[in-house]
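Student: Just the structure for this:
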Amino acid sequence: MAVDQVVRAQIAQDLWDAERSASAIGRPSDVYAGLDVVDAYEIQLINVRRRLGAGASVAGHKVGLASEAMQKMMGVDEPDYGHLLDEMRFFESVPVDSSRLCFPRVEVEVGFVLGADLPGAGCTNADVVEAVEWVVPAIELIDSRIRDWEITLCDTIADNASSCGWVLGEGRVPIGEIAVADVDAVLHRNGEVVAEGNSSAVLGDPLTAVAWLARKVEGFGVRLRAGDVVLPGTATRAIDVVAGDRFVAEFAGLGSVSLDFI
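Tutor: Below is the predicted model of the structure:
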């Protein structure tokens with residue numbers, strides 16, 4: 001059972017207003033019982049198109065729910081995805097204003113920059129290896145416009161997979177020079193280790209997440225293109241953010257990336 005286009009438009013507007021006012025809302029899935037995954041992706045696209053119409057451009061995509069633990073928690077058997085827009089990019093040299101966010105968290109990711117377009121249907125890990133130009137150290141900033149992160153799968157998908165932005169470190173490693181399925185990562189907050197993990201937590205291999213993403217988005221008329229940034233999922237648990245925090249993520253063989261909050 002789905003919802004109609006009027007309801008989709010209303011949910012999209014509610015999420016749009018929540019993001020811009022940094023004032024979270026209740027779960028749309030509680031208000032609209034018929035909301036399903038297809039609805040949720042279409043709602044996500046309504047707000048993406050609105051931002052594109054205002055001058056933003058698509059810089060890439062992110063994969064969410066890429067670990068077995070997160071999928072079990074959500075009661076699903078595959079990840080989800082969201083759009084990364086150019087206006088969502090953060091930089092190591094510019095602190096993030098946390099007052100503009102609802103419930104921010106950081107995730108540590110082995111990111112990719114594509115040097116060639118990916119196929120859609122039938123995309124394999126080998127195709128991803130061929131297309132990736134650089135492996136990069138990344139932090140994704142996630143934020144839920146749904147109150148207290150009390151989300152269902154449909155809620156987070158509609159909310160652009162709870163994405164808020166990302167930052168890349170300076171490191172650039174050719175994919176043939178690093179075992180992307182076995183990268184140790186450590187996250188420091190204000191000088192203390194708060195999370196540790198390995199890239200194998202991402203579906204066993206981040207390449208698997210990217211191949212899944214390429215196949216999935218084709219069904220919505222989207223392709224992964226040369227120059228796109230792809231964040232395949234986090235190697236560690238997500239960590240809450242408060243004003244004044246400084247995060248540094250270190251990746252074995254890949255370098256580091258930092259993000260500051262005010």
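Student: any idea how far the closest residue to His188 other than its chain neighbours lies from Ile139?
Tutor: Once flanking residues are discounted, His188 sits nearest to Val248: 4.6 Å by CB to CB, 6 or more residues apart in numbering. (Each C-beta comes from the backbone N, C-alpha and C, glycine too.) For Val248, the distance to Ile139 (CB to CB, to the nearest Å) stands at 9 Å.
Student: What segments of the protein are strands?
Tutor: 58-64, 80-85, 105-114, 132-142, 163-168, 184-189, 192-198, 229-231, 239-240, 246-251, 255-260 (DSSP state E).
Student: tell me, how many neighbours does the closest residue to Trp212 other than its chain neighbours end up with?
Tutor: Once flanking residues are discounted, Trp212 sits nearest to Pro79: 6.4 Å by CB to CB, 6+ apart. Neighbour count for Pro79, taken as other CB atoms under 10 Å: 24.
Student: Pro232 now?
Tutor: Residues near Pro232, counting by other CB under 10 Å, number 30.
Student: residues in contact with it?
Tutor: By CB atoms under 8 Å, 6 or more residues apart in numbering, Pro232 lies in contact with 63, 66, 109-112, 202-203, 206-207, 209-210, 213.
Student: Just give me the closest of these to Asp240.
Tutor: Closest approach between the contacts of Pro232 and Asp240, by CB to CB: Glu109, at 17.1 Å.
Student: ok, that closest one - contacts?
Tutor: Glu109 touches 138-140, 166, 231-235, counting by CB under 8 Å, 6+ apart.
Student: all helices for the stretch 1-150 of the chain, in order.
Tutor: Ranges of helices in the stretch 1-150 of the chain, per DSSP state H, counting those that start in this stretch, are 5-21, 28-31, 37-53, 68-74, 125-131.
Student: closest one to Ala161 among those?
Tutor: Checking the helices of the stretch 1-150 of the chain against Ala161 by CB to CB gives helix 37-53 as the closest, at 7.5 Å.
Student: What helices and strands are in contact with that closest one?
Tutor: The contact analysis (3 or more CB pairs under 8 Å, 6 or more residues apart in numbering; DSSP states H and E) places helix 37-53 against helix 5-21, strand 80-85, helix 153-158.
Student: Just the buried positions in that helix, please.
Tutor: Across helix 37-53, burial judged by 16 or more other CB atoms under 10 Å covers 39-48, 51.
Student: Please apply the same query to stretch 71-87.
Tutor: Applying 16+ other CB under 10 Å to stretch 71-87 flags 71, 74, 79-85 as buried.
Student: Now the buried members of the contacts of Glu109.
Tutor: By 16+ other CB under 10 Å, the contacts of Glu109 give 138-140, 166, 231-235 as buried.
Student: now these in TSV, with distance to Pro104?
Tutor: As requested, the buried ones among the contacts of Glu109 are exported to TSV (distance: CB to CB, whole Å):
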residue	distance to Pro104
Ala138	16
Ile139	11
Glu140	11
Trp166	13
Leu231	16
Pro232	21
Gly233	18
Thr234	14
Ala235	19
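Student: In this structure, where is pLDDT below threshold?
Tutor: Applying pLDDT under 70 to the chain flags the ranges 1, 69, 73.
Student: Find the residue at the geometric middle of it.
Tutor: For the chain, Lys62 is the residue whose C-alpha lies nearest the centre (CA atoms, centre = their mean; 3.6 Å).
Student: Apart from its neighbours in sequence, what residue is nearest it?
Tutor: Using CB to CB, 6+ apart, the closest residue to Lys62 is Leu231 (4.1 Å).
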